[in-house]
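**Q** Return atomic coordinates for the entry below.
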Amino acid sequence: MAILSGCPGVEVCVQSVDDGGAQDLQEYDDDGGWTYRKYSHLPEGQRISKYVESKAGAQFRIRIILKNPFRLTSQSVTFKASVDGHGIAQASCTADYFYRASGYYMELITARLDRISGTEITSRPLKFNNLKKVDDTDSTRVRQDSRAVIGIGEIVISVFRTLQRDPILPPPLYRSTVYNPIEEVAEKALKGKAISHGVAYGEQQIVTRHIKETVDVDGYNNPLGVFIFKYRSMEDLKIELIIPRSPSPQPAIAPLNLRGNLPAARRERLANLKREIEEIKAEEEDSQPSGSKRRRTGAAGSSGRAYKTSWTATGQVVVDLTDD
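**A** Reported below is the predicted structural model:
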């Protein structure tokens, strides 16, 4: 669960969802500094970045908690969620609700919501998906994909003081088609980033929901806090050194004192091998010609001076090494 030291009482986490229920994804510290393209002007206590592990095909959701000692000083607080650089949904807690609930609010963002009419929206569950990388160096393709993958691999939740009200402007024109995420990308467009997953959406459902207009009291660029979760596969986390790689196992060597426990047949084979090695060494020494061997002797001539003794095929030659 990620928290902000500069905004106590606000907690956010990403959870995996399966038939057995929901579980918080383990979070890893991001020591690479603030890399998000927005909100770098905020104090460090109001922004946080974490890594989480993603598994292809796994459904996930975002869990939001607002609780004491948070002080709600506006008509409402709104959590805006985006994935891969695209807004997907938002959740708002009014001051009236927060204080009636004794200072506690919890909400789950489980799907991407797209409005298709003044009273209807589409709802599609969130899930991690494999991102297919292709070796295509066409400059036009790379430029297009570079724009398409801005923000990919990131789940961002920004928290704003807001005002909820009925729309005062005519309803906008709604799209007849819904957004579909990128599934294939030119590898060069990723610019060396270790990213192999993106977010995909599940089966679409139509939900009835009336329009509420949300106004950012402090402006769109001044949130109370920002949470970023960089999702990566386990292998990508290791490539980026977020998780250390496991060392390669070393082959075990039997201690010398355990060799006596070897079977008799293996002990006999080792003994024969040792004898053969000794015999080969002896044959090599005997095969060297005698003329190539030189020796030094500690004997001295009658004069008491040291001599060098050389062995040749004709006999022994004594040479005086000292000068008078």
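**Q** Below-threshold pLDDT in this structure: ranges please.
**A** Low-confidence segments of the chain, defined by pLDDT under 70, span residues 169-173, 175-177, 247-263, 284-324.
**Q** host element of residue 235?
**A** For residue 235, the host element (DSSP states H and E) is helix 234-239.
**Q** buried residues in that helix?
**A** Across helix 234-239, burial judged by 16 or more other Cβ atoms under 10 Å covers 236-237, 239. Every residue, glycine included, has its C-beta placed from N, CA and C.
**Q** what do you get for stretch 221-229?
**A** Result for stretch 221-229 [16+ other Cβ under 10 Å]: buried residues 223-229.
**Q** Farthest pair within the residues you listed?
**A** Greatest spatial distance among the buried residues of stretch 221-229 (Cβ to Cβ): 224 and 229, at 17.7 Å.
**Q** thought residue 73 was touching residue 161?
**A** Yes. Counting by Cβ atoms under 8 Å, residue 161 is a contact partner of residue 73 at 6.9 Å.
**Q** Which of these two has more residues huddled nearby?
**A** Comparing residue 73 with residue 161 by other Cβ atoms under 10 Å, the one with more neighbours is residue 161, at 19 against 10.
**Q** For that one, which non-adjacent residue is closest in space?
**A** residue 74 (3.8 Å; Cβ to Cβ, 6 or more residues apart in numbering).
**Q** can you pull the contacts of the one you found?
**A** Listed by Cβ atoms under 8 Å, 6 or more residues apart in numbering, the contact set of residue 74 reads 95, 161-163, 217.
**Q** Got a quick PyMOL command for the buried subset of those residues?
**A** A single PyMOL command is used to select the members of these judged buried by 16+ other Cβ under 10 Å:
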select buried, resi 161+162
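**Q** The residue nearest to residue 161 should be in a helix, yeah?
**A** No. Looking at residue 74 with DSSP: H, G, I helix; E, B strand; the rest coil, it is coil, so not inside a helix.
**Q** How far does stretch 187-203 stretch from one end to the other?
**A** 28 Å (Cα to Cα, to the nearest Å).
**Q** Tell me which residues of that stretch come out buried.
**A** Judged by neighbour count (16+ other Cβ under 10 Å), stretch 187-203 contains these buried residues: 188-190, 194-201.
**Q** In a markdown table, list the residues you listed along with distance to residue 10.
**A** Below are these laid out as a markdown table (distance: Cβ to Cβ, whole Å):
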| residue | distance to residue 10 |
| --- | --- |
| 188 | 39 |
| 189 | 34 |
| 190 | 32 |
| 194 | 30 |
| 195 | 28 |
| 196 | 31 |
| 197 | 27 |
| 198 | 27 |
| 199 | 23 |
| 200 | 28 |
| 201 | 27 |
